[in-house]
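Enquirer: Quick check, what structure comes out for this input:
(3 chains, ligands or ions: 5)
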Amino acid sequence: MEVRVFRGVPGGEQGEVAYDVPPVEGMVVLDAIHHIQKHLQTDLACRWNCKAAKCGSCSAEINGTPRLMCKTRIDELPEGPVTVRPLAAFPLIKDLVTDVSWNYEVNKKIPPFTAAEGDRGPWRIQEVDIDRLYEFRRCIECFLCQDVCHILRNHDMRDRFYGPRFFVRVAGLEMHPKDVLNRVEQTRAEGGLGLCNITKCCTEVCPEHIHITDNAIIPLKERNADAHWDPINFVRRKLRRDSGGGAATRGLDEEPAGGPPR
Amino acid sequence: MASETTAMGPSAGASTRPSAGPGLVARLRRDAPWWVLPATVVTSLTTFSGYALWTALLGHDRWGPYLSPFYSPEIAAGRTRASSAIFVAGAPLLFRFTCYYYRKAYYRSFLLDPPACAVRDPHRTYSGETSFPTVLNNLHRYVWWLVAIVVSFLWLDVFRAFFGTGADSGHIWLGVGTGVMLGNVVLLTAYSASCHSFRHMVGGHVDCFSCVRFGKARYQAWRGVTLLNIRHPMWAWVSMFSVWGTDIYLRMLQAGWFLDPHIRF
Amino acid sequence: MAEPYTTIDCDVLVVGAGGTGLRAAVAAAEAGCRVQVVSKSLLGKAHTVMAEGGIAAGLGNVDADDSWTVHFADTMRGGKMLNNWRMVEIYAKEVIDRVFELERWGGLFDRTEDGRIMQRAFGAHSHRRLCHVGDRTGLELIRTCQDKAVHTPGVEVSMEYTLTQLLGDGHHVTGAIGYDRNDGQFVVVRAKAVVLATGGWGRMYRTTSNSWEGTGDGAAMAYLAGAELLDMEFVQFHPTGMIWPPGARGILVTEAVRGEGGMLFNSEGQRFMLEYDPQKKDLSSRDVVARSIFKEVKAGRGTPHGGAYLDIRHRGAEYIKKKLPSMWEQFHSLASVDITREPMEVYPTIHYTMGGVRVDPESAATRVAALYAAGEVAGGLHGSNRLGGNSLGDILVFGKRAGEYAAEYAKTVGSAPVIADAQVAEAQSDALRFLAGDGDATGENPYLLHEALQDAMQDDAGIARDQQSLTRSLEAILELQERAKRMRVGGGRVLNPGWHSCMDVVNMLTVSEAIVRSALERKESRGSQWRLDYPDLSEEQGRVNYAVYRDGELMRIRAVPLEPIPVELSRHLEDG
Ligand SMILES: Cc1cc2nc3c(=O)[nH]c(=O)nc-3n(C[C@H](O)[C@H](O)[C@H](O)COP(=O)(O)OP(=O)(O)OC[C@H]3O[C@@H](n4cnc5c(N)ncnc54)[C@H](O)[C@@H]3O)c2cc1C
Ligand code: SF4
Ligand code: SF4
Ligand code: FES
Ligand code: FES
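Expert: Numbers count the residues shown, from 1 in each chain, chains lettered A, B, ... in the order given. Ligands and ions are numbered 1, 2, ... in the order given. Alright, predicted model coming up:
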């Protein structure tokens, strides 16, 4: 079986190298890479940790598609050589490894979970208030969604766009019943929420089957529309501000009566 | 279109949704070239818009108790049918143009932004939905209200077709045409009730259901809409074809190609 | 002369970014220290992320009569009384607060009807005690701690750095040296106190649920720096790992499957656990269940691939997908098995190391000044067998304590410690000698040595062992240690996994030697140690722990008597 693996370092020689790997029943692409490391090329670089699709380390592009190497079985791929290349949206370090540290910088910019002052629990939280959050919390930070998103991949708008992974993060915080901050405006202004054109490639590649676009991005866009495109809300906000009520950090969505339009 | 609704992923709670479609996976298997889907979308959307425009300009009359969805509600009596149709068809068209699903479809298929996942898009600059005109898509929620009105009239039309209008009133009319109209309005209702903006309005904006008034009911409503919303792309397509089909059916009746099989009592 | 290196200065160096390291970092930073966290992988990828079942805490949300005292008793009994009772006491009391704290930091748990944290049954816990979120509790824990840590002022994180050696004089540490995995350049971290949070070691076995990181670096470094390693013979076999397909062998099947009602069957359809442990049945302690599966397979009642069946189908598809989503996904994608319709095939897999660096129960201090250790790398809490869910609690409770005590110590140190240039130079050449440079790549291949070590450990120091097999294993290890000196790899210093493996192999060999020497010393069967030649508990050996320490170039071992349990506590052991 032929496995063509991208090799190279920035500024150095780069290209695909073909290796012959003996097929084993049920093997995944990562098994093939390990075989190469062990027997053919000890310095072939790749990232991996759990080999059980739980940590999100082994992201790569397999036959042109962003996937986890430990979760892609060779027998589900078409006959013929398998190509394995590093993520295209991030700077190459070596072989299959890219520099994803930018993602961790983005995460630092997002204000963390913050409960109301003095609200220290232990809490009673109803299942109905958090059942949509579990999905967001499944994210294993594989950054496949970041890789496939054309805004990062083709347009390289890192300075203006957080990327789908962090919209998932923000959505998880915004919809948390105990969180009191509002990050929607930041996500619009700094995170480039409006740049997303909901073309759903992120959703297609997410190995955790998180419905990034439908359940995180679109609801955030709607919340943003509440804030910027809703005259009724605009008036309400004005009135409330004049009467001195409503702390600036409290979003409309926390108002007991709920945000219009109703 | 049905691509969004095939493979099943694992599920958890209310956010249970089928997993992403075979777009990319298909490419992984190398059995469908990436351009097939965009090409299909371009063809159907262009034809539909063309047809809608043509039909609106053309205008036509009722056939028996039936009214084409393109002409409802019958407003602005006295003017020509054509101009009212342009007005009336405008709302649903705007609705579809600002619909999150159709946005995805045309950004990908018409604007090639991107043409398919992990396929390079050809543009040098990009502003997404941050500048005119696409930024106006934020107004989708208001168009929803317009369409809600139109859809209520369509329900009214079905009732009127059923109970007869004008000279026919007092009778019950059951025909294939009534069925066609009913099917159409059901699909349109499913389409607009599965709308993302509607989902936001009924409960999506609430952070803590158990802390707000009528929280339970709102949660249930949100869940219901969510279930419909999972298949939003499907509703979008079938309701588009049903509108189209209904109009064609009535047009054929008018042209006298055949008679609507019906019973009247 | 040392070759150039970068120096990082901090008050507290935390080695490891699993739950332990992150919790320690937050604690030390909140105490006012500048903290440097270092990890071999990216942030959030440590072992902790793989934990599935849950975190044990006597909240009594589901079974109202549960409490810390019952949790204390269960843990002591599970460890066959070899645990450090004081650690268990601290743990059982404080884990309750740590769980609530996690929630306060934004962690989510499954809920009960009335909105409290849901708890599930787990092996050898007498009550439903494991707080969980589906079967990805570890992910929730590490993400919550990660977000807390990166937003805590004073915490700096360096990802993908491997530390290779603690610096100091054998009685006192002053920092550590290592390299940046990505460019191969050396880094020295100068610290007033060091917290080891490097997790466990399972990679010296062939079948393991552990990731590549589980090479025992922390234990080996601590041993070389003068600390003692306690209870090293106790290596936990998790009863249920995947066995098919071959590439998936060893991947964990969470105990939550049995916690949620899954049952074990042999190929003849018998529920054999009814026989081996009629009371706790499938939820008996891990050592018992693992041995039972082993015996069934040995007796010829194994499945086609040589394991046991684990069946959860009776709970229904919807429930399974809600409570065990990642198990469903794992079997579906890796083995093409739909666990809502077919049983799983399972076999024991190396999972956890009870033993580790010997620490003070209160402060997590080792016998080397300024060096602290907590989490899986430390020993003492779990005795001879760990109960499921007790590790995620362990890492938070003792992570926090280690951070606090290390910070307290660091504050007593006046100025930044001095690093001896000679020591740095020596550590550098220790690492660089494996690079063949041009030409000479004829040495030993680290991957193949690793494989040979796995054979020696899996076959001769595995689930069942005796004098003969252990002796064989020790001989093999000593021979491999010689061969390891001749390891050579090609390639340069930029992200060269072959080179990194060389250093891992050295650590694994050290730790393996400690495991086998301790196993030879303990001539009884207790907890995870199953000696075929000494099948029974020995009262005499039940009164001591064995500790391995370094004496020049020699590895020595000594018996450390257990401290008697005070009466107030031993009372709890008699209840129930
Ligand atoms: C599959 C699986 C499932 C589990 N399920 C459960 C469960 O349900 N409940 C439970 O209680 N426990 C469970 N456990 C056990 C538990 O997850 C671990 O014991 C625990 O997470 C260990 O945490 P830690 O912080 O001590 O170490 P780890 O999480 O292992 O972190 C070690 C850190 O040290 C770093 N490190 C190591 N060596 C070096 C070095 N040389 N230089 C720099 N950094 C280094 C690593 O990069 C890593 O960041 C499970 C374990 C596994 C493998
Ligand atoms: S839906 Fe938005 S975030 Fe996701 S890939 Fe497309 S443009 Fe990027
Ligand atoms: S959202 Fe999905 S694709 Fe994106 S990082 Fe998380 S798990 Fe990966
Ligand atoms: S190695 Fe952890 S996700 Fe693949
Ligand atoms: S999102 Fe499609 S109709 Fe509103």
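
Enquirer: show me where chain A has helices.
Expert: A:29-35, A:101-109, A:127-130, A:133-137, A:144-148, A:150-153, A:164-174, A:184-189, A:201-205, A:218-228, A:231-242 (DSSP state H).

Enquirer: These: which one's closest to residue C:378?
Expert: Residue C:378 lies closest, by C-beta to C-beta, to one member of the helices of chain A: helix A:101-109, at 27.8 Å. (C-beta placed from N, C-alpha, C; glycine too.)

Enquirer: quick revisit: out of the helices of chain A, the one nearest residue B:184 is which?
Expert: The nearest among those, by C-beta to C-beta, is helix A:218-228 at 26.4 Å.

Enquirer: which outside residues touch the closest one?
Expert: For helix A:218-228, the surrounding residues in contact (C-beta atoms under 8 Å, 6 or more residues apart in numbering or on different chains) are A:167, A:170-171, A:174-175, A:184-185, A:187-188, A:193-194, A:196, A:198, A:233, A:251-253, A:259, B:100, B:138-141, B:196-197, B:199-200, B:204-205.

Enquirer: can you do 7 Å?
Expert: A:167, A:170-171, A:174, A:184-185, A:187-188, A:193, A:198, A:233, A:252-253, A:259, B:100, B:138, B:141, B:196-197, B:200, B:204-205 (C-beta atoms under 7 Å, 6 or more residues apart in numbering or on different chains).

Enquirer: repeat for stretch C:541-554
Expert: Taking C-beta under 7 Å, 6+ apart as the rule, stretch C:541-554 contacts C:81-82, C:223-224, C:226, C:228-233, C:358, C:514, C:517-518, C:521-524, C:526, C:555-562.

Enquirer: which ones among the residues you listed are found in helices?
Expert: C:223, C:224, C:514, C:517, C:518, C:521.

Enquirer: Generate a ChimeraX selection restricted to the buried entries among these.
Expert: Buried members of the ones in helices among the contacts of stretch C:541-554, defined by 16 or more other C-beta atoms under 10 Å in any protein chain shown, are picked up in ChimeraX with:
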select /C:223,514,517,518,521
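
Enquirer: ok, of the ones in helices among the contacts of stretch C:541-554, which one's closest to residue B:246?
Expert: The closest of the ones in helices among the contacts of stretch C:541-554, once distances to residue B:246 are taken by C-beta to C-beta, is residue C:514, at 79.2 Å.

Enquirer: what's the closest one in contact with, if anything?
Expert: C:229, C:232, C:548, C:555.

Enquirer: among these, which two are most distant?
Expert: Spanning the widest gap among the contacts of residue C:514 are C:232 and C:555, at 10.4 Å by C-beta to C-beta.

Enquirer: can you pull out the strands in chain B?
Expert: B:173-175, B:262-264 (DSSP state E).

Enquirer: what's the first one in contact with?
Expert: Which is strand B:173-175. Residues external to strand B:173-175 that are found in contact with it (C-beta under 7 Å, 6+ apart): B:65, B:161, B:162, B:164, B:260, B:261, B:262, B:263, B:264.

Enquirer: for it, the distance to its chain's centre please.
Expert: Put simply, strand B:173-175 sits 25 Å off its chain's centre (C-alpha atoms, centre = their mean, to the nearest Å).

Enquirer: Within its sheet, name the partner strands of it and how each one runs.
Expert: Sheet neighbours of strand B:173-175, with direction, are listed as strand B:262-264 (antiparallel) (DSSP bridges).

Enquirer: Now do the buried residues in the partner strand.
Expert: residue B:262.

Enquirer: Quick check: mean pLDDT of that strand?
Expert: If you average the pLDDT over strand B:262-264, you get 82.

Enquirer: hmm, back to that, of all the contacts of strand B:173-175, which two lie farthest apart?
Expert: B:164 and B:261 (16.6 Å).

Enquirer: With neighbour numbers in mind, choose between the two.
Expert: Under the neighbour definition other C-beta atoms under 10 Å in any protein chain shown, residue B:164 and residue B:261 were set side by side, and residue B:164 has more, 16 against 9.

Enquirer: what's near enough to touch that one?
Expert: B:65, B:170, B:171, B:173.

Enquirer: Relative to ligand 5, how far out is it?
Expert: 33 Å (C-beta to the nearest ligand atom, to the nearest Å).

Enquirer: care to break chain C down by domain?
Expert: Per the record, chain C has its domains at C:238-348, C:421-561, by automatic domain parsing.

Enquirer: export those domains to a markdown table and tack on distance to residue A:128 and mean pLDDT?
Expert: Listed next are these as a markdown table, based on distance: least, C-beta to C-beta, whole Å; pLDDT from 0 to 100:
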| stretch | distance to residue A:128 | mean pLDDT |
| --- | --- | --- |
| domain C:238-348 | 14 | 94 |
| domain C:421-561 | 43 | 94 |
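
Enquirer: Assumed residue C:37 was part of a strand.
Expert: Yes: Residue C:37 forms part of a strand when assessed by DSSP: H, G, I helix; E, B strand; the rest coil.

Enquirer: Who does it form a beta bridge with?
Expert: residue C:14, residue C:157.

Enquirer: Would you quantify the distance from the residue of the stretch 101-250 of chain B found nearest ligand 2 to residue B:191?
Expert: The nearest approach of the stretch 101-250 of chain B to ligand 2 comes at residue B:128, 7.1 Å away (C-beta to the nearest ligand atom). According to C-beta to C-beta, to the nearest Å, residue B:128 and residue B:191 sit 25 Å apart.

Enquirer: who has more neighbours, the two?
Expert: When neighbours are counted by other C-beta under 10 Å, residue B:191 comes out ahead of the other of residue B:128 and residue B:191, with 28 against 23.

Enquirer: Touching, that one and residue B:240? I think so.
Expert: No: judged on C-beta atoms under 7 Å, residue B:191 makes no contact with residue B:240 at a distance of 8.3 Å.

Enquirer: How confident was the prediction at the residue in the stretch 151-265 of chain B positioned nearest to ligand 3?
Expert: Nearest to ligand 3, among the residues of the stretch 151-265 of chain B, is residue B:230, at 18.0 Å (C-beta to the nearest ligand atom). With respect to pLDDT, residue B:230 scores 95.

Enquirer: All good on my end, thank you.
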